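Chemist: sequence and predicted structure, then a few things I'm wondering about:
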Amino acid sequence: MASRRQTARMGLALTFLWTRLIVFSFAELQRFEHSPKDDGSLSFLVIGDWGRRGLFNQSRVALQMGKIGQKLDTDFVISTGDNFYDDGLKGLDDPAFEESFTKIYTAKSLQKQWYSVLGNHDYRGDALAQLHPFLRKIDTRWLCLRSFILDAEIAEFFFLDTSPFVDAYFIDKEHTYDWRGVTPRKAFLHNLLKDLESALRGSTATWKIVVGHHAIRSAGYHGDTEELIQKVLPILEANNVDFYMNGHDHCLEKITGHGSRIQFLTSGAGSKAWRGDTTPYEPYDKDGLEFFYDGQGFMSVQLTKNDANLAFYNVFGKALHTWRVSKELHSAV
């Protein structure tokens, strides 16, 4: 019987063919379904920037996620990218997958599906390995694609691969990025934006949520992502998106206003935080930046047809900021 390492190598040998299939079928975003609870409600956790083999408080955050997940009876977990540090996975047989994921998020309440996107650090490794379905044989919870749709009846989630939008990565001389399946970049982005707009326009879900790694609006270290403001934000605005959720900045934050109905929510505090190194800056005033925390933590979301209840938690499981959004009024209460 072939060993796991041998099986991984055989799987990797099929990656080229699999990648070509993904690229040429990109005209329509792949769609997945996740049933809500019997009463129609939905509950999930959001975590980003986490994979450090349990270090930098990753294990402590995971412990609290398990407790909150049990309390809220969460249906799944969303990862906003930068899943494995510092340079993604080296291949399908990289032990970092189990050491940073399977062996860390062990709570019973976290044995649910994880829906993940890639971050810029993931692109510095073998990005195709992280996307490969072979990883689901190691841990069935894992589902990571570049961009896809999750239909959960009362909510539709649009997972967006944001790294290819960022110009700086394509001129970065210090790091190597795995752009297989992304180039030619112009065509890739054109198709992605076209598919995103079409999917959002056709959605009849009560809640529309877009998930990406990079922030559109952020008061953190990296700040706004201008390429997303120019190319993605107008599409979200035109199609009544409720929340844009991201990682990248290692903090927890909530930004509203700026002429937008969208709430911009950062949950990128799954392990190493930049505490003391980051100070919220202009142009975010007290009316736009409603919450900012530069320590480790995660976010929870509970949805019903009429309301969304959201919360940010720190590494001790303390709720730092909670709020409710009424769908009828679409304003924080």
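Modeler: Everything's here; your move. Residues are numbered from 1 along each chain as shown.
Chemist: can you classify residue 35 as helix, strand or coil?
Modeler: Secondary structure assignment for residue 35 (DSSP: H, G, I helix; E, B strand; the rest coil): coil.
Chemist: how near is it to residue 254?
Modeler: Counting by CB to CB, to the nearest Å, the gap from residue 35 to residue 254 is 29 Å. Where C-beta positions appear, they are placed from N, C-alpha and C, glycine not excepted.
Chemist: more neighbours: which of those two?
Modeler: Legend: neighbour count by other CB atoms under 10 Å for residue 35 and residue 254, higher for residue 254 (24 against 11).
Chemist: tell me the contacts of that one?
Modeler: Residues in contact with residue 254 (CB atoms under 8 Å, 6 or more residues apart in numbering) are 263, 264, 265, 266, 289, 290, 291, 292, 312, 321, 323.
Chemist: center of this structure, which residue is that?
Modeler: By CA atoms, centre = their mean, the chain has its centre lying nearest to residue 80, at 1.9 Å.
Chemist: thought that residue was touching residue 267?
Modeler: Yes - using CB atoms under 8 Å, residue 80 makes contact with residue 267 at a distance of 6.0 Å.
Chemist: who touches both of those two?
Modeler: Common neighbours of residue 80 and residue 267 (CB under 8 Å, 6+ apart) are 46, 47, 48, 245, 246, 247.
Chemist: which of the residues you listed are buried?
Modeler: 46, 47, 48, 245, 246, 247 (16 or more other CB atoms under 10 Å).
Chemist: grab the nearest non-local neighbour of residue 220.
Modeler: Nearest non-adjacent residue to residue 220, counting by CB to CB, 6 or more residues apart in numbering: residue 249, 3.1 Å away.
Chemist: now do stretch 95-109: distance to the chain's middle.
Modeler: Put simply, stretch 95-109 sits 17 Å off its chain's centre (CA atoms, centre = their mean, to the nearest Å).
Chemist: mind listing what's buried along it?
Modeler: For stretch 95-109, by 16+ other CB under 10 Å, it's 96, 97, 100, 101, 104, 105, 107, 109.
Chemist: now do that stretch, average pLDDT.
Modeler: Average pLDDT, stretch 95-109: 98.
Chemist: how long is it from one end to the other?
Modeler: 24 Å (CA to CA, to the nearest Å).
Chemist: after the helix or strand in which residue 228 is found, which helix or strand is next?
Modeler: Element membership of residue 228 [criterion: DSSP states H and E] is helix 226-231. Counting by DSSP H and E, the element after helix 226-231 in chain order, helix or strand, is helix 233-238.
Chemist: which residues touch whatever helix or strand comes next after that next one?
Modeler: Counting by DSSP H and E, the element after helix 233-238 in chain order, helix or strand, is strand 243-246. Strand 243-246 is contacted by residues 46, 48, 78, 80-81, 162, 207, 209-216, 218, 236, 262-268, 299, 308 when judged by CB under 8 Å, 6+ apart.
Chemist: give the buried subset of those residues as a PyMOL selection command.
Modeler: Selection of buried members from those for PyMOL, criterion 16+ other CB under 10 Å:
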select buried, resi 46+48+78+80+81+162+207+209+210+211+212+213+214+215+216+218+236+262+263+264+265+266+267+268+299+308
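Chemist: so which of the contacts of strand 243-246 belong to helices?
Modeler: Taking DSSP state H as the definition of helices, the contacts of strand 243-246 contribute residue 236.
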